Structure formats: C-alpha cells, structure tokens
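> Need coordinates for the below:
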Amino acid sequence: MTTACAITKNITCPLYEAVSGGRILGKLRELEASQWRSRAELEVLQLKRLRQLLSYAYENAPYYKRVFDEQGLSLQSIRALEDFRRVPFLTKEVIQERKDGLVSKTYPPDQLISNHTGGSTGKPLQFYQDRQQWDYGSAAKLRCNRWAGSGLGLAIILPHLRKLTHNIPDKNSSWLEMVPRKRIRGIL
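A predicted model of the protein is given here:
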C-alpha cells in the first residue's frame, strides 16, 4: 500500500466520515464481506431485507399502502424470493407521477437528497435518496473500483464516454473507431 493510500484509508476517509456523518467505509466493509457469502446465505439475507423494506413501505409510503391493498399483498404472503415477483414494478412513469407518495411520511424532508438520472431516454428522472442509500451507492462504487484494481487513494481514469461516442455513425461501430489514432497510441 502506498503512503497516499494509507493516508486516504486511515486518516482522510475516516475524518471525512466523522465530519460529514457518512458511513461509507462501514458500508464498504459490509459489501466486501457479503460478496463472499454463499448463494443460500445471500438469498436468506435478501428475503429478510426485502420483507423489512416491504413492511416499512406499507406502513410509511402512501403509494405502497394503496398498491399493496389493491393487489391484496401482505407481508405474510411474501415468504420466499419468488413471492416478491408479485410486487408491482416501480416504473419511471410511476416515480414521475407519484413522487410525493413514494416518500416516507416519517422521513424529515430536510434530510432528503434530491437526485436525478442523466436523461438519456429523453427526460431526466428526479427522485429522492436518504443518506444511507447515498452511502451504499458510494460504497458500491468503491468496491467496483477495487475489483478493477484501484482503491482508496489511487487515481483512476474515467473516460467521458458521451464525448467518445457522440459521433459514432451507427450502433455497430466501436467508440475506439472514433478516437483519433494519435490519442489511442498515447493511451494504449
């Protein structure tokens, strides 16, 4: 481990979390531990968390209470992961039309984090996240970086694919075909 990595992992990140109230490193440890569980262990954990989520959604999100009641769904009827398929999909249209009904009535509005998609399908989707979800997303990105050989304190290259692909004449072309050869020789 380089000195920069050690400082980032052991000083900078913990200090940032202490100041910001984040829990990214704890979530990262949880994700990294869970990746080694067996399929059966993961399915038990998934079912437990899905049941907790469904219970919370039913009790606290007006949209889900209405949908579950209309569909005749109850927490008792969800006993296996296959049963979860009975829960209706949450579509982009539902989020756009019923965003307020999807927010927990017990969650403080000032703690919601507003976010949005890039709008690649035509219209950006606006939605809310809480700090826990934000931290899990950040931890998942860090785990992906580790899978790619990077880690805390190591630089990574993130090509801006939109800039690389916006001139591609058809969907069968490779983005590398559009990058100037001089630039490719400098990279590869």
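
> Give me the contact list for the longest helix anywhere in the chain.
When the chain is parsed with DSSP state H, its longest helix is helix 39-60. By CB atoms under 8 Å, 6 or more residues apart in numbering, the list of residues contacting helix 39-60 from outside reads 34, 37, 64-65, 68, 75, 78, 80-81, 84, 87, 104-107. Yep, even glycine has a C-beta here, placed from its N, CA and C like the rest.

> could you pull out the strands for this structure?
113-116, 126-129 (DSSP state E).

> winner for burial among the ones you listed?
Comparing the strands of the chain by mean neighbour count (mean count of other CB atoms under 10 Å), strand 126-129 ranks first with a mean of 16.

> neighbouring strands for it, and are they parallel or not?
Strand pairing for strand 126-129, determined by DSSP bridges: strand 113-116 (antiparallel).

> what's the closest non-adjacent residue to the residue nearest to the spatial centre of the chain?
What sits nearest the mean C-alpha location of the chain, by CA atoms, centre = their mean, is Gly137, with 4.2 Å. Excluding its sequence neighbours, the residue lying closest to Gly137 (CB to CB, 6 or more residues apart in numbering) is Gln129, at 7.7 Å.

> Could you tell me which residues make contact with that neighbour?
Contact analysis of Gln129 by CB under 8 Å, 6+ apart lists 112-113, 115, 137.

> cool, and Glu30?
For Glu30, the contacting residues are Ala139, by CB under 8 Å, 6+ apart.

> Once you drop chain neighbours, what's closest to Ser77?
Asp83 (6.5 Å).

> just checking, that neighbour touches Gln76?
No: under the criterion of CB atoms under 8 Å, Asp83 makes no contact with Gln76, lying 10.2 Å away.
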